[in-house]
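# Quick one, structure for this:
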Amino acid sequence: MPGLAAELPSLGSTRLGPPGAPDPSSTGVGHMRILHVVRSLLLPFAVLLAAAPAVFPAAPAGKVLRFRPKEGDTAVYQHSLSTRAEMKEEAGEKSRTEMTAQARCTVEFLGENASGDFGVQAAIEPHTVDTKVDGEEGTEESPGSAARYVVNRQGRIKKVSWLTGDPTDDPESAALVITPDDVFLLGGAAILPDKAVKKGDKWSGTVTVPGAVMDEDLVVKYQSVLLGEEQFKGAVCQKIKTTATSSFSAREDMPELGGTIKASAKASGQYTWLFDAERGLIASAEGTDRLSLTVQVGDADQTLVSVTLSAVINSRSVLTEYNGVPVGAK
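Here you go, the predicted model:
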């Protein structure tokens, strides 16, 4: 898909870490949404990111919140996503990209294992992506994506198995990718507290992913707060606000380029979501992710390539059907 990713120079490998090291996306490590944003925009520079948030205890009183769908239950979400990005080269040249898409996500819950984790099979249906690159409008067709997940009751993604191939592995379509977990799990950021909570209670976590970015550790911090209750199409839901931040600075030798690649970035996300405790799943979610990224390629004598990227991504998901019945229908 032409767009931001297509405007960036490809630097070869799309796999980082020492030879033989496991790929995080295939070892049960789930995506936080902001890491998915970083991963998508850095793919042409050979960076793959993934992380599973850790959860710290919240207040001991209040309501226990758990993902608890039943085997055979189905859900349908409508998801929208828009991206505004700017790429600036050292010489001062700029390129601006806007992309929007709407997609339908179908989710089937497959039951639980001996540990109480539940399986999910989810798919993003094919959809149209509207683009505008430096003022020139266009459209592209996305084939969608499908995957199976193992998720614990707090919403932590423990394993992902792609049924269609990981769509973020394609640099030409990575700048605007909707994956199923972006929709029904807020990209892995929708982590519930491990103890009961009441209005105003907070829970937070910090996770370090060793060697996740160009052999450097990646640290992600997030904090959630229960804002209270809110009605959603007749259901009483728990309204939660989550913020997440991540930053890194890394370098890697690139012998094929005769130099090194240096990358540094800051990413943040803010999300508001409604958790339907009766059904045990997310009823709606919306958020904004922001990214600032600098990439340089060169040697000790000169910088061959220097690019700065900034991006703002807005997303919204709404549960529209549950077990074949429109949500809110009487």
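
# What are the buried residues along stretch 269-280?
Within stretch 269-280, the residues that qualify as buried by neighbour count (16 or more other C-beta atoms under 10 Å) are 269, 271, 273, 274, 275, 276, 277, 279, 280. Quick note: C-beta positions are derived from backbone N, CA and C, even for glycine.

# And stretch 104-122, by the same measure?
Of the residues in stretch 104-122, those with enough neighbours to count as buried (16+ other C-beta under 10 Å) are 104-110, 112, 117-122.

# re earlier: nearest to residue 239, of the buried residues of stretch 269-280?
If you rank these by distance to residue 239 using C-beta to C-beta, residue 274 comes first, at 5.7 Å.

# Would you map the strands across the chain?
Read by DSSP state E, the chain holds these strands, from start to end of the chain: 74-89, 94-112, 118-124, 127-133, 136-142, 145-151, 157-162, 202-213, 216-232, 235-254, 259-276, 281-298, 303-322, 325-326.

# Now render these as a markdown table, adding mean pLDDT and distance to residue 182.
Formatted as a markdown table, these follow (pLDDT from 0 to 100; distance: least, C-beta to C-beta, whole Å):
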| stretch | mean pLDDT | distance to residue 182 |
| --- | --- | --- |
| strand 74-89 | 92 | 7 |
| strand 94-112 | 93 | 8 |
| strand 118-124 | 94 | 8 |
| strand 127-133 | 92 | 13 |
| strand 136-142 | 91 | 13 |
| strand 145-151 | 92 | 10 |
| strand 157-162 | 85 | 11 |
| strand 202-213 | 69 | 19 |
| strand 216-232 | 86 | 16 |
| strand 235-254 | 87 | 14 |
| strand 259-276 | 88 | 11 |
| strand 281-298 | 89 | 9 |
| strand 303-322 | 90 | 7 |
| strand 325-326 | 94 | 23 |
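
# Looking at the ones you listed, which is nearest to residue 194?
Across the strands of the chain, residue 194 has its closest neighbour in strand 202-213 (7.8 Å, C-beta to C-beta).

# Residue 144 reaches residue 123, doesn't it?
Yes. Contact criterion C-beta atoms under 8 Å: residue 144 and residue 123 qualify, at 6.5 Å.

# how about stretch 309-324: buried residues?
Along stretch 309-324, the positions that meet the burial threshold by neighbour count (16+ other C-beta under 10 Å) are 309, 311, 313, 315, 316, 317, 318, 319, 320, 321, 322.

# What's opposite the residue lying closest to the third one once chain neighbours are set aside in the beta bridge?
Translated: residue 313. Of all residues beyond its chain neighbours, the one nearest residue 313 is residue 289 (4.4 Å), with distances taken as C-beta to C-beta, 6 or more residues apart in numbering. With beta bridges defined as DSSP bridges, residue 289 has these partners: residue 269, residue 313.

# doesn't residue 245 make contact with residue 289?
No. The pair residue 289 and residue 245 fails to qualify as a contact (C-beta under 8 Å) at a distance of 10.8 Å.

# neighbour count winner among the two?
It is residue 289, of residue 289 and residue 245, that has more neighbours when counted by other C-beta atoms under 10 Å, with 24 against 16.

# Count the residues that sit near the residue lying closest to residue 111 once chain neighbours are set aside.
Take residue 111 and drop its neighbours on the chain: the residue closest to it by C-beta to C-beta, 6+ apart is residue 71, 3.6 Å away. Burial measure for residue 71: 11 neighbouring residues, criterion other C-beta under 10 Å.

# again, but for residue 225
When neighbours are defined as other C-beta under 10 Å, residue 225 has 18 of them.

# pretty sure it is touching residue 240, no?
Yes. Residue 225 sits in contact with residue 240 when judged by C-beta under 8 Å, with a separation of 7.1 Å.

# outside of stretch 312-325, which residues touch it?
Around stretch 312-325, the neighbours that count as contacts under C-beta atoms under 8 Å, 6 or more residues apart in numbering are 33, 37, 73-85, 105, 182-184, 186, 232, 276, 279, 281-291, 326-327.

# ok, now stretch 122-131?
1-3, 79, 97-108, 137-147, 149, 163, 176, 178-181, 183-184.

# One more pass at 6 Å, please.
Residues from elsewhere that reach stretch 122-131 (C-beta atoms under 6 Å, 6 or more residues apart in numbering): 3, 99-101, 103-107, 138-146, 176, 178, 180.

# Please apply the same query to stretch 63-71.
Identification of contacts with stretch 63-71 by C-beta under 6 Å, 6+ apart yields 109, 111, 153, 155, 192, 196, 275, 277, 280, 281.

# Let's see that with 8 Å instead.
Applying C-beta under 8 Å, 6+ apart, the set of residues contacting stretch 63-71 from outside is 75, 109-112, 118, 120, 151-155, 192-193, 195-198, 238, 275, 277, 279-281.

# Show me which residues of that stretch are buried.
If you call a residue buried by 16+ other C-beta under 10 Å, then stretch 63-71 has these buried ones: 65, 67, 68, 69.
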